[in-house]
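1. Sequence plus the predicted model coming up.
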Amino acid sequence: MITRKVRKWEKLPGKNTFCCDGRVMMARQKGVFYLTLFLIVGTCSLFFAFECPYLAVHLSPTIPVFAIVLFLFVLAMLLRTSFSDPGVLPRALQEEATFIEMEIEAANGNVPAGQRPPPRIRNVQINNQIVKLKYCYTCKIFRPPRASHCSICDNCVDRFDHHCPWVGNCVGKRNYRYFYLFTLSLSLLTIYIFTFDIVHVLVCFFTLWSVVGLTGFHTYLLSLNQTTNEDIKGSWSGKNRVQNPYSHKNIIKNCCEVLCGPTYPSVLDRRGLTQEDSPVPVASAAPSSSSSSSSPVPQTTKTKAPLIPNKRTPDDAKPSIAASAQKSPSPKEENPPAPKAPPLASPEMDVETSINKDKTH
Amino acid sequence: MRQQAAVAAKVFIQRDYTNGTVCQFQTKFPSELETRLDKQQFEETVRTLNNLYAEAEKLGSQSYIEGCLACLTAYTVFLCMETHYEKVLKKITKYIQEQNDKIYAPRGLLLTDPIERGLRVIEVTIFEDRSLTR
């Protein structure tokens, strides 16, 4: 008889698979476990590849670092749960099995033929309570309290919790803490990733909302050949207002004019040469008293009192103002308004001037 | 010598669950050993074993510290360090060997370490009594 040395795991009954020369012990069906691994590693890789650069730069580099630590902990707990012995009770050897059976028969006494033998139960008193220990026909032992036989792995497991396909193993006395830490750390990891994804999504969302909103708004303006200013002021909207005279009343035409119309040249001649004289005070620069347009350059001037009647002009002042306003020209060029004036005041004056001119004429 | 002795019988000392699931063995003296061994001696052996197992499973500051430290290192610390339970199991193995050498072997008995039977029973092998010395 040739005897060779074998490891004990090679001789173990039951439906477990062993790896690494007995160091790793798992259930036979491992498909769902591979799925679990894939899901965890996959989603975390996506998080590290796509989210973490953004978070590290815009928030803090400790965020991905903590995520990596947590991820490694989750993996460690998962592998520990899956690969360890859950607390399998070895089956009784022949002599022990016989010994127990003799004890059972002695306890049961003579059973008349034809009757079913009573169930193999042993009563034990634990902390003043009677606990029934059941006999396992497969393992030929009386199961200790809280042990149970797993039909998938075909083993009795001490303090049997359940057989978990997600980890590909039973969860019992020896690996319950790893299983619990696995579920706990995985919850923390998913909440962590979710939180930072939401932060990123919210930031992106608000950016998106702003930019898309702005684009939409300007598309609207384009189609109506309006300016933002006109829209804010409500120049062309409302029943008592004139319709936008600059609009072609055709969306496509409006868009084409603004987007594809002729490119206007600059009239500033910035690089032209000039003589350097003593500084001449520019008429428009001073908040000047002269409201009448004596300067050749069409400028709008700001006076203390409103020159042109507008909404805010008291009614009695309007006729006198309107008279003087006729003298001032109102060119419609793309001049920037006088710097000292509040931006909206002068264009309004321009517009109002032209309206009033129309009205009075 | 003893290895060639035939096995006459085996006795299995069962677990004692009256205190819950902690590892304890019944101290009831089996009748099969009456001819070979003193009741006192036997009870002494089992009681010592019970105390050792209780030490291994004790919930105290040492076990909590060990547990927390291990958790923080994701249990990698056990690659270099033995658990407290494993240390006590080594002590138990040594004690059983001692007992076998000093007391049981001279009486044609052999105690099997319960760890080899899944901590379910203490197996006592009774060899055929070839020597007639009593």
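-> Cool, the structure landed.
2. A:Phe179 - how many residues pack around it?
-> By other CB atoms under 10 Å in any protein chain shown, 25 other residues sit near A:Phe179. For glycine as for every other residue, the C-beta is placed from the backbone atoms N, C-alpha and C.
3. give me every residue that touches it.
-> Listed by CB atoms under 8 Å, 6 or more residues apart in numbering or on different chains, the contact set of A:Phe179 reads A:77, A:81, A:161, A:164, A:167, A:171.
4. how about 6 Å then?
-> With contacts defined as CB atoms under 6 Å, 6 or more residues apart in numbering or on different chains, A:Phe179 is in contact with A:81, A:171.
5. roughly how far out does the strand or helix carrying it sit from the chain middle?
-> Using DSSP states H and E, A:Phe179 falls within helix A:176-224. Helix A:176-224 sits 2 Å away from the centroid of its parent chain (CA atoms, centre = their mean, to the nearest Å).
6. Can you list the low-confidence ranges for chain B?
-> Along chain B, the parts satisfying pLDDT under 70 run over B:1-4, B:130-134.
7. Within range of chain A, give me the residues from it.
-> When proximity is defined by CB under 6 Å from any CB of the partner chain, chain B lies next to chain A at B:10, B:12, B:17-18, B:20-21, B:74, B:118.
8. so B:Glu32 sits right up against B:Val11, yeah?
-> Yes: under the criterion of CB atoms under 6 Å, B:Glu32 makes contact with B:Val11 at 5.0 Å.
9. neighbour-wise, which of those two wins?
-> Between B:Glu32 and B:Val11, counting by other CB under 10 Å, B:Val11 is the more crowded of the two (17 against 14).
10. what helix or strand is the more buried one on?
-> Element membership for B:Val11, per DSSP H and E: strand B:7-13.
11. Just the buried residues of the helix or strand that that strand is followed by, please?
-> Counting by DSSP H and E, the element after strand B:7-13 in chain order, helix or strand, is helix B:39-56. Within helix B:39-56, the residues that count as buried by 16 or more other CB atoms under 10 Å in any protein chain shown are B:41-42, B:45-46, B:49-50, B:52-53, B:56.
12. got TSV for those residues, with distance to A:Ala97 too?
-> What follows is these, written out as TSV (distance: CB to CB, whole Å):
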residue	distance to A:Ala97
B:Gln41	28
B:Phe42	24
B:Thr45	25
B:Val46	23
B:Leu49	23
B:Asn50	25
B:Leu52	27
B:Tyr53	24
B:Ala56	27
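13. what's the closest of the residues you listed to A:Asp197?
-> The closest of the buried residues of helix B:39-56 to A:Asp197 turns out to be B:Ala56 (CB to CB; 46.4 Å).
14. and that closest one, what does it touch?
-> Applying CB under 6 Å, 6+ apart to B:Ala56 gives the contacts B:85, B:88.
15. count of residues packed around the nearest residue to A:Leu55 once chain neighbours are set aside?
-> Of all residues not flanking A:Leu55 in the chain, A:Ile63 sits nearest, at 4.8 Å (CB to CB, 6 or more residues apart in numbering or on different chains). Neighbour count of A:Ile63, defined by other CB under 10 Å: 19.
16. Hmm, A:Pro53 and A:Ile63 touching each other?
-> No: shown here, A:Ile63 and A:Pro53 do not form a contact pair, counting by CB under 6 Å, at 11.0 Å.
17. Centre of the chain to the strand holding B:Val11, how far?
-> Centroid separation between strand B:7-13 and its chain, computed with CA atoms, centre = their mean, is 15 Å.
18. Check which residues of whatever helix or strand comes next after the helix holding A:Phe179 are buried.
-> Scanning forward in sequence from helix A:176-224 by DSSP H and E, the next helix or strand is helix A:228-233. By neighbour count, with 16+ other CB under 10 Å as the criterion, the buried positions of helix A:228-233 are A:Glu230.
19. Pull the number of nearby residues for A:Cys164.
-> 21.
20. ok, and the closest non-adjacent residue to it?
-> Counting by CB to CB, 6+ apart, the residue nearest A:Cys164 is A:Val171, at 5.3 Å.
21. Which residues are in contact with that neighbour?
-> Contacts of A:Val171 (CB under 6 Å, 6+ apart): A:161-162, A:164, A:179.
22. Any figure for the gap between it and A:Val258?
-> Distance of A:Val171 to A:Val258, given as CB to CB, to the nearest Å: 69 Å.
23. just A:Leu72 next, same as before
-> Using CB to CB, A:Leu72 is found at 57 Å from A:Val258.
24. Which residues in the strand ranked longest in chain A does the neighbour count mark as buried?
-> The strand that spans the most residues within chain A, counting by DSSP state E, is strand A:129-136. Buried residues in strand A:129-136, defined by neighbour count with 16+ other CB under 10 Å: A:133-136.
25. ok, that strand: who's next to it in the sheet?
-> Strands that pair with strand A:129-136, judged by DSSP bridges, come out as strand A:121-126 (antiparallel), strand A:141-142 (antiparallel).
26. avg pLDDT for the last one?
-> Regarding strand A:141-142, the rounded mean pLDDT is 92.
27. strands paired with the helix or strand that that strand is followed by, and their directions?
-> With elements assigned by DSSP H and E, the helix or strand that comes after strand A:141-142 is strand A:148-150. Partner strands and pairing direction for strand A:148-150 (DSSP bridges) are strand A:155-157 (antiparallel).
28. chain center to the partner strand: distance?
-> Strand A:155-157 sits 44 Å away from the centroid of its parent chain (CA atoms, centre = their mean).
29. same question for it, mean pLDDT?
-> Mean predicted lDDT for strand A:155-157 stands at 94.
30. Could you identify the helix or strand that succeeds it?
-> Stepping forward along the backbone from strand A:155-157, the first helix or strand reached (DSSP H and E) is strand A:162-164.
31. List the pairing partners of that next one within its sheet, with orientation.
-> Sheet pairing of strand A:162-164 (DSSP bridges) gives strand A:169-171 (antiparallel).
32. Any idea how far the partner strand is from the middle of the chain?
-> Chain-centre distance of strand A:169-171: 34 Å, with CA atoms, centre = their mean.
33. And for stretch B:12-20?
-> So, by CA atoms, centre = their mean, the centroid of stretch B:12-20 is 13 Å from its chain's centroid.
34. Please point out which parts of it sit buried.
-> B:12-17.
35. Quick one: end-to-end distance for that stretch.
-> Distance between the boundary residues of stretch B:12-20 (CA to CA, to the nearest Å) amounts to 20 Å.
36. for stretch B:99-114, same thing?
-> With CA to CA as the measure, stretch B:99-114 spans 14 Å from end to end.
37. What residues sit buried inside it?
-> For stretch B:99-114, the neighbour count (16+ other CB under 10 Å) marks B:99-100, B:103-104, B:107-114 as buried.
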